[in-house]
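Trainee: I'd like to go over a predicted model; first the sequence, then the structure.
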Amino acid sequence: MTLIPGNKGRASLRLAVLGGLFAGVVNGLLGTGAGTVFFFVAQRIYRDDPGIGAKDCFACAMAAVFPVSLLSLFTYPSVNAGSDLLPALLIPAALGGLLGAFLSDRIGQKTLKKIFAAVVVFGGAYMIAGS
């Protein structure tokens, strides 16, 4: 197993490092978005690997976003804001994550990509036009 898979070696490592840095900055600034960056980086690195698909890149992004989100949580200036809501979110989110992982094996990659795109577009539209 190599540190950075893919056919490009150093270029893949450079992309992973820069992508990870950018994802951390985005997550630190906005409190969200690192998973999207990680997903795009993983897709770019694995684009020539027929054994790696979109759901694998989603899984990679989700595994990478957890520690980044924890770091942001503990370093954000208003760390106590919303802390009373956190326990009510964690258990349902964990159960939803398990359900989503189970369903991802049964949903085609094209459908997963459409769901991902819809979530990103909705989130962006809400951020622009929402409250």
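Mentor: Everything's here; your move. Numbering: from 1, shown residues only.
Trainee: Which strand or helix spans the residue most central in space within the chain?
Mentor: Centroid check for the chain by CA atoms, centre = their mean gives G35 as the closest residue, at 1.7 Å. Element membership for G35 (DSSP states H and E) is helix 34-46.
Trainee: In terms of secondary structure, what does the helix or strand just after that helix contact?
Mentor: Heading C-terminal from helix 34-46, the first helix or strand you meet, by DSSP H and E, is helix 54-75. Helix 54-75 is packed against helix 10-30, helix 34-46, helix 86-104, helix 109-129, with contacts defined by 3 or more CB pairs under 8 Å, 6 or more residues apart in numbering; DSSP states H and E. In short, each C-beta sits where N, CA and C put it, glycine included.
Trainee: Please identify the deepest-packed of those helices.
Mentor: Greatest average neighbour count among these goes to helix 34-46 (a mean of 21), per mean count of other CB atoms under 10 Å.
Trainee: Which residues does stretch 93-112 contact?
Mentor: By CB atoms under 8 Å, 6 or more residues apart in numbering, the residues outside stretch 93-112 that reach it are G53, A54, K55, F58, A59, M62, I115.
Trainee: Selecting buried members of those in ChimeraX, what would you type?
Mentor: Buried members of the contacts of stretch 93-112, defined by 16 or more other CB atoms under 10 Å, are picked up in ChimeraX with:
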select :54,55,58
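Trainee: All set, thanks.
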